[in-house]
Each structure stands twice: as structure tokens, then as C-alpha cells.
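> sequence unknown, structure follows:
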């Protein structure tokens with residue numbers, strides 16, 4: 001009945017055109033020829049209608065046989081995050097960065113005036129003076145020992161005088177070693193604070209321990225800070241980030257450290273990223289019965305930011321399967337059909353069995369082979385023209 005209605009409508013249009021003296025509708029003759037076979041449509045090669053139909057060969061893709069999909073979010077790599085604290089207490093003089101700034105390793109972040117810095121400088125100066133005195137005492141002890149030894153060889157002094165001089169020399173050597181150790185310790189303290197020995201006017205400069213971005217900043221100029229265990233800013237190297245997801249306990253056997261995973265982010269729809277599993281938690285969350293999985297993702301352009309949401313796709317194995325665009329599939333009652341072009345302009349229905357979607361395509365389980373040409377645009381037009389079998 002559907003085909004009769006289409007034919008009757010086209011006949012009326014053609015008859016009207018002939019009676020009015022106008023030319024026939026281009027391609028109408030080829031539509032009338034579409035009834036040559038049940039379940040098939042034939043359209044002349046030169047027909048404009050044929051140009052409205054898009055065909056595409058059936059392709060082959062490597063598709064997963066077992067797949068784990070879990071929601072996730074981006075986090076900073078914990079191995080590349082630094083909570084920066086003050087080395088000594090004091091008054092903040094200047095803050096040289098702002099939240100969000102990119103910094104390089106050893107770049108100055110802030111300066112502070114600290115009484116502890118003066119104490120460290122005084123300790124070094126005192127240790128240096130003590131070392132000088134000990135070295136002078138060692139020179140004197142060596143001279144006394146040499147003189148006593150010479151006199152003893154000429155029987156001018158008793159042996160006990162030589163032994164006393166030798167004991168004094170040993171004590172002087174020990175004193176020099178001790179004072180040098182104290183001086184080196186004081187010098188290392190100054191080095192940690194970034195101070196030059198001898199200059200009491202210096203401010204302590206806090207430098208960045210790594211290259212990255214300032215994520216948090218909790219200090220302002222003029223503030224006095226005495227707690228050296230509390231961080232004043234957080235710096236993270238975001239050149240790589242972690243995508244953290246909660247994988248159901250029943251699927252964790254499919255995931256291994258070092259394996260490749262595909263990552264999709266809400267912020268970048270249609271873009272598939274590739275990462276590798278860096279860590280799998282050792283425990284199961286007793287509330288959700290999931291295991292935390294963290295995949296490392298390269299971020300050289302800085303596009304991926306902490307707290308972005310997305311999902312990870314873990315593929316255990318793949319197999320080559322024929323696929324076609326989902327737009328090519330038509331549901332006709334209990335049948336799933338596609339239109340196959342067997343020759344230019346010759347289209348026929350084909351019953352197929354399809355599997356689950358693969359992106360914008362569908363898996364083909366049976367009914368069609370790779371390389372065959374299927375209609376992907378214009379399917380409804382052909383369905384209206386086909387003659388029922």
C-alpha cells in the first residue's frame with residue numbers, strides 16, 4: 001500500500017506537469033523504476049535523487065572484548081606536589097608570587113626578616129673565631145713540642161717535659177677538629193637559609209623546590225609567622241596529572257599497574273586520551289566495594305586541571321570486528337536492516353545482527369561483510385521507496 005501511494009502521487013505530479021506543458025521532475029523516471037524487485041530500489045545513475053544518498057564501506061576496527069568503564073577525576077600527581085613551609089620564623093617582608101603563577105625551580109617566592117637568621121649568623125661568626133683561636137693554640141703547642149723534643153735530645157730537659165708537651169699538642173689538635181665541626185655546622189645552617197657569612201643585614205629568601213604552578217597561597221606581606229610546620233603555599237608540577245577512579249571490586253582483576261587506559265573528560269568531549277595505570281590501592285572501600293585506581297596522564301600543555309571530571313576505559317583485549325555508522329541501521333518491526341548498494345544505483349535491504357555501540361558506530365555480528373557499501377544518509381528515503389517483499 002505504501003508503494004502504491006508513492007506511485008500514485010508521482011503519477012499525478014507527472015500528469016500535471018505534462019498537461020501544463022512543463023518539463024518532468026528530474027529523477028522521477030528513476031524513482032518509477034525502483035519497483036523492479038521486492039525489497040530493492042533502483043535509481044538511475046544520473047538522477048539528482050542519487051546525490052542525496054551517502055554511502056560508506058563497512059570498516060574494521062580493533063574493539064575491546066572486555067572493558068571496564070569507571071568515573072574519575074583529575075588530581076595533581078602527589079609525587080610532584082610540594083607544601084612549602086618557612087625555614088625559620090619571622091616577619092614576611094615581600095611575597096613575589098600569586099596563586100596561579102607558574103614558577104621555576106629555585107625561583108624566589110618570598111623574603112622574610114628573621115631573628116633566627118641573626119642567631120645563625122652569630123653562631124657562625126663565633127664558631128669562626130673559636131676555630132681561629134684553636135688553630136693558633138695548635139701552632140703554639142706544636143712549637144712547644146718541637147722545642148721540648150730538641151732539648152731532650154741534648155739532655156737539657158727531663159722526659160716528662162716532652163710527654164707534657166706531646167699531650168698538650170694532642171689536645172690542641174682535638175680542639176681544632178671540634179671547632180671546625182662546629183663552624184661547618186653553622187655554615188650549613190647559613191647555606192640552608194641562603195645567607196652569606198658575615199652579613200647581618202640579609203633577609204631570608206624562600207625559593208621554590210620545584211617547577212610548577214602555585215595552587216594555594218596563604219601568606220601576605222607584613223605577617224609574622226612562627227610555625228615552621230605550617231605550609232604557606234602549595235606548588236604542583238602539572239606536567240603530568242593523575243586520573244583517579246573507583247573501579248568496582250568485581251572488575252579489578254582486569255586492571256594491572258602499567259597497563260594502558262583510555263580517558264575521556266567532560267571538558268573535552270569526543271577526545272580520547274591515553275594514560276597508564278600508576279597505582280592500584282591495596283584496600284577495598286567497605287562502603288562502595290570499589291578499589292581506587294590512579295592512571296598517569298601527560299599534561300604538557302596544561303589543559304588538564306585538578307578536579308576535572310571524566311571516566312577511564314580499561315581494555316583487557318581487542319579483536320578485529322566489522323563496524324558501520326549507527327545512522328545506517330533501521331529498525332523494521334523485529335528486524336534490523338541496512339541498505340546495501342550492490343551496483344551503482346542498486347540498493348537492497350539486508351537483515352543484520354548488530355552488537356553494542358562503539359562510539360558513533362555499531363558492531364556487526366552477522367549479515368554483512370567488510371568492504372560492502374551501506375547507505376549512511378538517505379536511509380529513510382530508500383525505506384519509503386522500497387517495495388514490500
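Okay, I see it. From a predicted model like this one, the values you see are computed outputs, not experimental measurements.
> isn't residue 288 right next to residue 71, touching?
No: contact between residue 288 and residue 71 fails when scored by C-beta atoms under 8 Å: they sit 11.5 Å apart. Heads up, the C-betas are built off the backbone N, CA and C, glycines and all.
> Need the residues touching each of the two.
Common neighbours of residue 288 and residue 71, counting by C-beta atoms under 8 Å, 6 or more residues apart in numbering, are residue 246.
> mind listing the strands for the stretch 251-389 of the chain?
For the stretch 251-389 of the chain, the strands defined by DSSP state E, counting those that start in this stretch occupy 260-265, 272-280, 290-298, 309-325, 330-332, 335-343, 346-351, 353-358, 361-366, 373-377.
> May I see those arranged in CSV, with mean pLDDT, distance to residue 251 and mean neighbour count as well?
Formatted as CSV, these follow (pLDDT from 0 to 100; distance: least, C-beta to C-beta, whole Å; neighbours: other C-beta atoms under 10 Å):
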stretch, mean pLDDT, distance to residue 251, mean neighbour count
strand 260-265, 90, 13, 18
strand 272-280, 91, 12, 15
strand 290-298, 93, 9, 20
strand 309-325, 80, 8, 17
strand 330-332, 83, 31, 12
strand 335-343, 87, 30, 18
strand 346-351, 86, 34, 19
strand 353-358, 82, 17, 13
strand 361-366, 86, 21, 18
strand 373-377, 89, 34, 19
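> Rebuild these as TSV, extending it with distance to residue 104.
Formatted as TSV, the strands of the stretch 251-389 of the chain follow (distance: least, C-beta to C-beta, whole Å):
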stretch	distance to residue 104
strand 260-265	28
strand 272-280	25
strand 290-298	20
strand 309-325	30
strand 330-332	60
strand 335-343	58
strand 346-351	63
strand 353-358	44
strand 361-366	46
strand 373-377	52
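> Figure out which of those strands is closest to residue 149.
With respect to residue 149, and counting by C-beta to C-beta, the nearest of the strands of the stretch 251-389 of the chain is strand 272-280 at 69.5 Å.
> Adjacent strands (with direction) for that closest one?
Strand 272-280 has the following strand partners under DSSP bridges: strand 260-265 (antiparallel), strand 290-298 (antiparallel).
> got the angle for that strand vs strand 309-325?
Here the directions of strand 272-280 and strand 309-325 differ by 130 degrees (axes from the mean of the first three to the mean of the last three C-alpha atoms, to 10 degrees).
> what about the nearest residue to residue 183 once chain neighbours are set aside, which helix or strand?
Of all residues not flanking residue 183 in the chain, residue 127 sits nearest, at 3.9 Å (C-beta to C-beta, 6 or more residues apart in numbering). With elements taken from DSSP states H and E, the one containing residue 127 is helix 115-153.
> Show me what whatever helix or strand comes next after that helix is packed against.
Next in sequence after helix 115-153, counting helices and strands by DSSP H and E, comes helix 159-193. Contacts defined by 3 or more C-beta pairs under 8 Å, 6 or more residues apart in numbering; DSSP states H and E place helix 159-193 against helix 115-153.
> how about 10 Å then?
Counting contacts by 3 or more C-beta pairs under 10 Å, 6 or more residues apart in numbering; DSSP states H and E, helix 159-193 is packed against helix 115-153, strand 204-207.
> what sits up against the shortest one?
With contacts defined as C-beta atoms under 10 Å, 6 or more residues apart in numbering, strand 204-207 is touched by 84-88, 90, 92-96, 103-114, 116-117, 120, 192-195, 219, 232-233.
> Mind checking which of those residues are in strands?
Among the contacts of strand 204-207, the members falling in strands (DSSP state E) are 84-85, 90, 92-95, 103, 108-113, 232-233.
> All set now, cheers.
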